[in-house]
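Asks: How does the following fold in three dimensions:
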Amino acid sequence: MTDTTAPAPGSSAAAAPAAKPVYSANYKRLVLFLLVVAYTLNFIDRTIIATLGQPIKDALKITDAQLGLLGGLYFALLYTFLGIPIARLAERFSRVNIITAAILIWSGFTALCGFAANFAMLGAFRFGVGIGEAGLSPPAHSLISDYYEPKQRASALSIYSFGIPLGTMIGAIAASQIAAAFGWRAAFMVVGLPGVAVALALKLLVKEPPRGHSEAEGFVTVTKPKATLAGEFAEMWAVVKLLFGKWPIFNMVMGITLVSFAGYGGGQFVQPYFLRNFHQLDLKSVGLIVGLAAGFSQGIGTLIGGPITDRMSRLSPRWYALVPAIGVACAYPFVVGIYTAGSWQAAATFMLVPGILSYVYLAPTFGVIQNMAPTHQRATAAAIMLFFLNLIALGGGPPFAGWVIDHFSAFHYAHPGANSLWDAISGFGGTHPADFQHACPGGKAAKEATDAAKAACGGALVLGTRQGVILAYAFSLWGAFHYLLGSFGLKEALAKARADRGEAD
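Replies: So this is what the prediction gives:
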């Protein structure tokens, strides 16, 4: 079966093949806009735990490691494992239908999080959110690649990726305002509702384009192999070899994974850190400050990443890897500045910079993966890359950061005179987070405790959070190094992929 059926040679219809659909620039912009809106909701619902983390921690008396599990592994586990089978369905069936169903599922489970009575229930509903969100990006990447030609893909994918900072910003502001007025449970319920309208708009307005539509001029034929279990594994293995068997692509996948590990891990505790350290700020204020500062910074970086690398790639395709390497490395000193600033104003000022520099990594990486993959394997390529990325970065980043914060906080509580990061790292093995949790449930001393006890708990938690986040973000430097390595051989790898598809340079 084919997406567009080419007549057999010698048949009476061979002289008049079916016309290739033509989509106007305005229509393609509409499709991209709706996908950006869907991705924005995706990230609002994905990262809402970061916004509501402190109220949830206070209400349920949980540790930062448990908070990290809610924002990371409990969401990421089914999200990552279901992404690949959903992508295989997207190679054969309507990507629009898959995306529509996915939005409805994750929106419903987000709303259900507001009814969770304890940590276990909230964790179960976060698993459900992950099930739905697995159905967006692989089909969306494939759709965008069929609507936009190779030289425009990084730019189109940078616009799609704008849903990340936009969702982070809107989620931080909206969820914090709703939670401040009506409680954190109401925030979950309200942010889950808009997904129904977006799913309906996508179903009614977006057409399913032929596979390979934007690859070349003229009629495009893409044959779907017969669906067998052996065939499915063969297709997936071919993509695995593409991603991990080619030096430049492997290093770009490692780069995006480690940078995302740092971002998900450290980012989970940005707003809790502001609430813990700057006592003059409330949840509403922190949501507004972090949402605007981080959203502005990350939004610019995401939008300029694609156009910059598309333009620089005219000089050499190596820039698809070099731009992320340079940007991510230059961003880290500003991240350290956020968490060592003496006032919230200074911290917010530092926050305006790193996203601009570091978020240029998204679009070029996604663009290279789509340009390397054969037409019939693009959703699968996106899914396998996201499987690896999200299992490690989203699944591991927040729990790792929370685990480190718990240990660092316990160390500083037990050793109030040893305040340096090196002190905390050196004493890591001898710390006992359970003792800290017993003395300071949820990071706070009991109401009847002395002022000295309250200060000891609060001071240890602030210092542990600061140093844990700085350590988590340091993984981005490791990712930048992989991007640098990925720049070697990238030109030749992309040229071979074009030749294998029969495309001219």
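Asks: contacting residues around the residue lying closest to residue 470 once chain neighbours are set aside?
Replies: Using Cβ to Cβ, 6 or more residues apart in numbering and skipping the chain neighbours, the partner closest in space to residue 470 is residue 339 (5.4 Å). C-beta: built from backbone N, CA, C; applies to glycine. Residue 339 makes contacts with 273, 347, 466, 469-470, as judged by Cβ atoms under 8 Å, 6 or more residues apart in numbering.
Asks: who wins for neighbours among the residues you listed?
Replies: residue 469 (27 neighbours; other Cβ atoms under 10 Å).
Asks: Pretty sure it sits against residue 264.
Replies: No - counting by Cβ atoms under 8 Å, residue 469 sits too far from residue 264 to count as a contact (11.8 Å).
Asks: returning to that earlier point: ok, which pair from the contacts of residue 339 is furthest apart?
Replies: Spatially, the most separated pair among these is 347 and 470, at 12.6 Å (Cβ to Cβ).
Asks: rewinding a little: now, which of the contacts of residue 339 sits nearest residue 25?
Replies: Looking across the contacts of residue 339 and measuring by Cβ to Cβ, the closest to residue 25 is residue 347, at 41.9 Å.
Asks: any idea how far residue 278 is from the closest one?
Replies: For residue 347, the distance to residue 278 (Cβ to Cβ, to the nearest Å) stands at 8 Å.
Asks: For the helix or strand where residue 272 lies, list the C-alpha coordinates in CSV.
Replies: Using DSSP states H and E, residue 272 falls within helix 270-277. The C-alpha coordinates for helix 270-277 follow below in CSV (Å, rounded to 0.1, in the frame of the first residue of the first chain):
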residue,chain,number,x,y,z
VAL,A,270,13.9,26.7,39.8
GLN,A,271,10.6,27.9,41.3
PRO,A,272,11.1,26.0,44.5
TYR,A,273,14.5,27.6,44.9
PHE,A,274,13.1,31.1,44.5
LEU,A,275,10.4,30.3,47.1
ARG,A,276,12.8,28.8,49.5
ASN,A,277,15.5,31.5,49.2
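Asks: And the average pLDDT for it is what?
Replies: Mean pLDDT, helix 270-277: 92.
Asks: looking at this structure, which helix or strand is least sure?
Replies: Least confident helix or strand of the chain, by mean pLDDT, DSSP states H and E, is helix 150-161 with a mean of 78.
Asks: Need the residues that contact that helix.
Replies: By Cβ under 8 Å, 6+ apart, helix 150-161 touches 32, 35-36, 39, 140-141, 144-145, 147-148, 214-215, 302-307, 309-310, 313, 320, 362-364, 366-368, 370-371, 498, 503.
Asks: isn't residue 249 right up against residue 493?
Replies: Yes - applying Cβ under 8 Å, one finds residue 249 in contact with residue 493, separated by 6.4 Å.
Asks: These two: which is more packed in?
Replies: residue 249 (27 against 19).
Asks: so the more buried one sits in a helix?
Replies: Yes - secondary structure assignment places residue 249 in a helix (DSSP: H, G, I helix; E, B strand; the rest coil).
Asks: Tell me which helix or strand the nearest residue to residue 158 once chain neighbours are set aside sits in.
Replies: For residue 158, ignoring the flanking residues on the chain, the nearest one in space by Cβ to Cβ, 6+ apart is residue 306 at 2.7 Å. Assigned by DSSP H and E, residue 306 belongs to helix 283-312.
Asks: same for that helix, what does it pack against?
Replies: Helix 283-312 is packed against helix 25-60, helix 150-161, helix 163-182, helix 270-277, helix 319-340, helix 344-351, helix 354-358, helix 362-372, with contacts defined by 3 or more Cβ pairs under 8 Å, 6 or more residues apart in numbering; DSSP states H and E.
Asks: rank the ones you listed by pLDDT, which is bottom?
Replies: Of all the helices and strands packed on helix 283-312, helix 150-161 has the smallest average pLDDT, which comes to a mean of 78.
Asks: Name the residues of the strand or helix carrying residue 109 that are buried.
Replies: Assigned by DSSP H and E, residue 109 belongs to helix 95-113. For helix 95-113, a neighbour-count test (16 or more other Cβ atoms under 10 Å) marks 95-100, 102-113 as buried.
Asks: can you pull the contacts of residue 428?
Replies: Neighbours of residue 428 in contact, by Cβ under 8 Å, 6+ apart: 407-408, 411.
Asks: Apply 10 Å and report the result again.
Replies: Residues in contact with residue 428 (Cβ atoms under 10 Å, 6 or more residues apart in numbering) are 404, 407-408, 410-411.
Asks: for this protein, which spans come out with low pLDDT?
Replies: 1-21, 212-227, 501-505 (pLDDT under 70).
Asks: So for residue 287, what's the nearest residue that isn't a sequence neighbour?
Replies: The nearest residue in space to residue 287 (Cβ to Cβ, 6+ apart) is residue 176, at 2.3 Å.
Asks: Please tell me how far that neighbour sits from residue 481.
Replies: Using Cβ to Cβ, we find residue 176 at a distance of 36 Å from residue 481.
Asks: try residue 350
Replies: Taken as Cβ to Cβ, the span from residue 350 to residue 481 is 23 Å.
Asks: hmm, back to that, can you lay out the contacts of residue 339 as a markdown table showing distance to residue 418?
Replies: Conversion of the contacts of residue 339 to a markdown table gives the following (distance: Cβ to Cβ, whole Å):
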| residue | distance to residue 418 |
| --- | --- |
| 273 | 20 |
| 347 | 24 |
| 466 | 14 |
| 469 | 19 |
| 470 | 16 |
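Asks: picking up where we left off before, so what's the residue nearest to residue 158 up against?
Replies: So residue 306 contacts 152-162, 323, 360, 362-364, 366-367 (Cβ under 10 Å, 6+ apart).
Asks: Looks like residue 319 contacts residue 327 (just checking).
Replies: No - if you go by Cβ atoms under 10 Å, residue 319 and residue 327 don't touch, sitting 11.4 Å apart.
Asks: Which of the two has more residues huddled nearby?
Replies: Between residue 319 and residue 327, counted using other Cβ under 10 Å, the more crowded position is residue 327 (25 against 22).
Asks: can you list residues touching both of residue 319 and residue 327?
Replies: By the contact definition Cβ under 10 Å, 6+ apart, residue 319 and residue 327 are jointly contacted by 308, 364.
Asks: Work out for me the element residue 122 sits within.
Replies: With DSSP H and E as the test, residue 122 turns up in helix 119-133.
Asks: Quick one: list the elements packing against that helix.
Replies: Here helix 119-133 touches helix 25-60, helix 64-71, helix 73-90, helix 95-113, helix 184-192, going by 3 or more Cβ pairs under 10 Å, 6 or more residues apart in numbering; DSSP states H and E.
Asks: if we can go back for a sec, now do the shared contacts for residue 347 and residue 278.
Replies: 289, 341.
Asks: residues in contact with residue 463?
Replies: Here residue 463 is in contact with 276-277, 405, 408-409, 411-413, 416, 418-421, 424 (criterion: Cβ under 10 Å, 6+ apart).
Asks: Would you mind stating the distance between the closest residue to residue 456 other than its chain neighbours and residue 38?
Replies: In this structure, residue 456 finds its nearest non-sequential neighbour in residue 413, 6.3 Å apart by Cβ to Cβ, 6+ apart. Relative to residue 38, residue 413 is positioned 44 Å away (Cβ to Cβ).
Asks: Likewise for residue 247?
Replies: Residue 247 sits at a distance of 34 Å from residue 38 (criterion: Cβ to Cβ).
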